[in-house]
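A.B. asks: after the sequence you'll find the predicted model.
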Amino acid sequence: MTQPPAGPPQPPAGWPGQPPQQQRPAYPPPGYPPPGYPPAGYPPPAYPPPGYPPPGYPPPGYPPTGYPPPGYGAPMSWAPKPGVIPLRPLSLSDIFNGAVGYIRANPKATLGLTTIVVVITEVLALLLQTGPLALTGNLRVLRGEAASTAAVVASSLSAAAGALATVLAAILLSGMLTVVVGRAVFGSSITIEEAWHKVRGRLLALIGLTALEVVAAVVLTTVVVLIIVGVALAGNGVVAFIVGLPLGLGLLAGLAYLFTVLTFAPVVIVLERKPVMASITRSFQLVRNHFWRIFGIRLLASVVAAVIAGAVSVPFTIAGQIMLTSATSSAMLLFAAALGAIGRAVSQIVTAPFTAGVAVLLYTDTRIRAEAFDLVLQTGAAGGPAATESTDNLWLTR
């Protein structure tokens, strides 16, 4: 016989009407650490707390240590400098410093050469200008006084011959200085005799290029003048002014463009040994994508050279003019003319090497930017300044 239950059956825990049983705290088994902590005897994990970057890294949103802040370019990398310029794209200060540095590095082949050429040219021009006047007793023409027509014509022709001699001397000087700068890029020096041997075979091409430039400038100027004169004859002065002003400005812009795109043609003739037409094409190819930079630097260099030339020559010019107005003899008139020639000579001696250096270094910089020419120059620099023949041939590389 079975025993009846002592009472009504109890519902399982958790049924409605049954109070929940109190749960024991969930402690880990003995010998284990609480959750979130490493077991005893083990090092903590090599991870930072949530919200922090790993050790050695900057917080999110910042560049890694050692890099420049956003918005700033990387610093200019180091480049070898075997000569007067570093072999990388050049800044304005690099070009101007190099144009002065090559003069200091080789004064005999720069200032010495320029002095020889300029002094000979100025003496010749002075003799051609004053010789016919002195022979005919008409030196008073130098003061603006009237003289015989024959004496004036003879003096004018002699002055034109002197100007032609000056132009030819300037062509020779610029070609020889180009060779000097080309060597100075690699830290090599050159003698006047070596520079002459390098450039003498290129003189005809340089003269031909200069003749083409002069002809082009004369043709453009003549066309504009004829148009303005024709309008003035057909209409009146107001119409001629209205037409002539934009034409004159256009002429100046055209001449500036012409001489800018031909900036590198003399350098190409000497260093790359190209003929005249090929040098013109080559110069245009180099300049077309860098026109404003080249125009601006050449203009700035011309302004600097003009200021220096004026500062040097003005004292001689003023002294010469004072002597001309107060001269009472032919000897004083000749001495006054000589003072003016001395002022012109000194100004050319000071400025000609600088302007030639700017042109060659600007050509070098343009080739570096357009053709990665610095890599070619660095191969030549590895040979040292003694490897002059191989470095001269590097300018032929394209």
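C.D. replies: Now that the structure is in, tell me what you want to look at. These figures come from a predicted structure and were not determined experimentally.

A.B. asks: for the rest of this, base every contact and every neighbour count on C-alpha atoms.
C.D. replies: Noted.

A.B. asks: now the strands for the stretch 101-250 of the chain?
C.D. replies: Counting by DSSP state E, counting those that start in this stretch, the stretch 101-250 of the chain has no strands at all.

A.B. asks: residue boundaries of the helices in it?
C.D. replies: For the stretch 101-250 of the chain, the helices defined by DSSP state H, counting those that start in this stretch occupy 107, 113-135, 149-184, 192-199, 203-234, 237-261.

A.B. asks: could you list the low-confidence segments of the stretch 101-250 of the chain?
C.D. replies: Residues of the stretch 101-250 of the chain that meet the criterion pLDDT under 70 lie in 136-148, 150-151.

A.B. asks: now with 80?
C.D. replies: Within the stretch 101-250 of the chain, the ranges that satisfy pLDDT under 80 run 129-156, 158-159, 235-237.

A.B. asks: again, but for the stretch 251-398 of the chain
C.D. replies: Scanning the stretch 251-398 of the chain for pLDDT under 80 picks out the ranges 324-331, 333, 380-391, 398.

A.B. asks: swap the cut-off to 70 and go again
C.D. replies: Along the stretch 251-398 of the chain, the model assigns pLDDT under 70 to residues 327, 383-390.

A.B. asks: related to what we said a few turns ago, export the helices of the stretch 101-250 of the chain as CSV, with columns for distance to R88 and mean neighbour count.
C.D. replies: Listed next are the helices of the stretch 101-250 of the chain as CSV, based on distance: least, C-alpha to C-alpha, whole Å; neighbours: other C-alpha atoms under 10 Å:
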stretch, distance to R88, mean neighbour count
helix 107, 25, 15
helix 113-135, 29, 19
helix 149-184, 15, 20
helix 192-199, 26, 16
helix 203-234, 29, 15
helix 237-261, 23, 15
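
A.B. asks: right, and these - which one's nearest T355?
C.D. replies: Of all the helices of the stretch 101-250 of the chain, helix 149-184 sits nearest to T355, with 9.0 Å by C-alpha to C-alpha.

A.B. asks: what packs against that closest one?
C.D. replies: helix 92-105, helix 113-135, helix 192-199, helix 203-234, helix 265-267, helix 330-371, helix 388-394 (3 or more C-alpha pairs under 8 Å, 6 or more residues apart in numbering; DSSP states H and E).

A.B. asks: for A301, find the nearest of those.
C.D. replies: helix 330-371 (6.7 Å).

A.B. asks: let's have the helices and strands packed on helix 149-184 in CSV, adding distance to K81.
C.D. replies: Formatted as CSV, those follow (distance: least, C-alpha to C-alpha, whole Å):
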stretch, distance to K81
helix 92-105, 11
helix 113-135, 26
helix 192-199, 23
helix 203-234, 30
helix 265-267, 22
helix 330-371, 14
helix 388-394, 14
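
A.B. asks: out of those helices, which is closest to G250?
C.D. replies: helix 203-234 (9.2 Å).

A.B. asks: what packs against that closest one?
C.D. replies: Checked by 3+ C-alpha pairs under 8 Å, 6+ apart, helix 203-234 has helix 149-184, helix 237-261, helix 265-267, helix 276-287 packed alongside it.

A.B. asks: could you point out which of the helices and strands packed on helix 149-184 sits nearest A256?
C.D. replies: Closest to A256 of those is helix 203-234 (C-alpha to C-alpha; 10.2 Å).

A.B. asks: work out the gap between the closest one and the centre of the chain.
C.D. replies: Taking C-alpha atoms, centre = their mean, to the nearest Å, the mean C-alpha location of helix 203-234 is offset from the chain mean by 28 Å.

A.B. asks: that one vs helix 192-199, what angle?
C.D. replies: Our comparison of helix 203-234 with helix 192-199, counting by axes from the mean of the first three to the mean of the last three C-alpha atoms, to 10 degrees, yields an angle of 70 degrees.

A.B. asks: could you check the angle helix 203-234 makes with helix 149-184?
C.D. replies: Relative orientation of helix 203-234 versus helix 149-184 (the same axes, to 10 degrees): 130 degrees.

A.B. asks: report the contact partners of the residue nearest to T166 when sequence neighbours are not counted.
C.D. replies: Ranked by C-alpha to C-alpha, 6 or more residues apart in numbering and with sequence neighbours excluded, the top spatial neighbour of T166 is T121, at 5.8 Å. By C-alpha atoms under 8 Å, 6 or more residues apart in numbering, the contact list for T121 reads G162, A165, T166, A169.
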